[in-house]
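**Student:** Output the structure for:
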Amino acid sequence: MENVNHCINQDSRHFTHLTEVSIRFNHPTTPLSGIPPNQSPMDPVISQIRQDLENSADPVTKKSFQRFFKDDVQYYGVKTATVGNIAKKYWKEIKLRDKKEIFQLCEELYSSHITEEAFIVSNWVPHLKDRFEREDFLVFSHWIDTYISNWATCDGFCNHSMGDFIEKYPEFIDKLKPWTKSGNRWVRRASAVSLIIPAKHGKFLEDVIEIAGMLLTDTDDMVQKGYGWLLKEASRKNREEVFAFIIQNKKEMPRTALRYAIELMPKEMKTEAMIKDW
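**Tutor:** Residues are numbered from 1 along each chain as shown. As a prediction, this is how the structure comes out:
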């Protein structure tokens, strides 16, 4: 289930805008995508999606769903593949709409705090990657801080939507680094898992190592697993560099993070990393 659904413009106005929205991210009031979701008439697409999800719930999935999560989650009990099919069905209906309007639909889905509805958002937003703009970072930041409430919705959105955004605007990696100090565990996890897909392809190694270092002693196991996973994916193309980081920091690195980080390494490297030689 771990894989459920992977240069700021130097013009000063971009920095000014990002600073203003950063304040809103840390002290959110209304949704950054526009109209607050519950203060406007519900779009028929939303009610149709919810009806399809309700009709698609199956007793076996509903019974087993909660066991994948330590915290209580809200859900219909719909298989992941079925949620994907529903997302695809309604994407065909909305894909030609204005991006802001699509973001408002996403906000409405997120506002229910139901896991499968969040999965719909995670499915839709990557289709918009060619339409991403720098200002979208603030919308995505707001969603993560406000609506993400479990590892599946965090990873589903960050791996692909945030990963695609960072690939398009790599200068925004520096905006992920303050997330490592957030009081919200999912924002901290997001700082790492937003780089999973680029790291898998060997990109942004220096930033991957820096973020892992910033999260090194985090006591939350969801954060430890997040940055351990990031290191694991980075090791596919940069094994020696990742291994050197692990050996240098293994005394302080929680064992949970360490085990994730070395998962793809040869047996002899795993053995060396696991030895307590201090």
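
**Student:** Excluding sequence neighbours, find me the nearest residue to N184.
**Tutor:** Using C-beta to C-beta, 6 or more residues apart in numbering and skipping residues adjacent in sequence, the residue nearest N184 is D145, 5.8 Å away. Heads up, the C-betas are built off the backbone N, CA and C, glycines and all.

**Student:** Am I right that A192 is in contact with K225?
**Tutor:** No: using C-beta atoms under 8 Å, A192 makes no contact with K225, being 9.2 Å away.

**Student:** So these two - more neighbours on which side?
**Tutor:** A192 (30 against 21; other C-beta atoms under 10 Å).

**Student:** residues contacting W91?
**Tutor:** By C-beta atoms under 8 Å, 6 or more residues apart in numbering, W91 lies in contact with 123-124, 127.

**Student:** hmm, try it at 10 Å
**Tutor:** By C-beta atoms under 10 Å, 6 or more residues apart in numbering, the contact set of W91 is 102, 120, 123-124, 127.

**Student:** same question, I196
**Tutor:** Shown in contact with I196 (C-beta under 10 Å, 6+ apart): 3, 6, 155, 158-160, 162-163, 208, 226, 229-230, 232-234.

**Student:** Check those residues for the minimum pLDDT and say which it is.
**Tutor:** The lowest pLDDT within the contacts of I196 belongs to H6, with 37.

**Student:** what is the mean pLDDT for stretch 47-55?
**Tutor:** The average pLDDT within stretch 47-55 is 98.

**Student:** Could you give me the buried positions within it?
**Tutor:** For stretch 47-55, a neighbour-count test (16 or more other C-beta atoms under 10 Å) marks 49-50, 52-53 as buried.

**Student:** Among these, which one lies nearest to P178?
**Tutor:** Lowest distance from P178 to the buried residues of stretch 47-55 (C-beta to C-beta) belongs to I49, with 34.1 Å.

**Student:** picking up where we left off before, point out the ones among the contacts of W91 that are inside strands.
**Tutor:** Using DSSP state E, no member of the contacts of W91 falls within strands.

**Student:** that older thread, which neighbours do A192 and K225 have in common?
**Tutor:** Common neighbours of A192 and K225 (criterion: C-beta under 10 Å, 6+ apart): A257.

**Student:** returning to that earlier point: out of the contacts of I196, which comes closest to D277?
**Tutor:** K232 (22.1 Å).

**Student:** Tell me who's in contact with the closest one.
**Tutor:** So K232 contacts 196, 199-200, 242, 257, 259-265 (C-beta under 10 Å, 6+ apart).

**Student:** so it is in which element?
**Tutor:** In the assignment (DSSP states H and E), K232 maps to helix 221-234.

**Student:** That helix: which residues count as buried?
**Tutor:** 222-234.

**Student:** ok, so of those, who is nearest F172?
**Tutor:** Within the buried residues of helix 221-234, the smallest distance to F172 is 16.5 Å, found for L230 (C-beta to C-beta).
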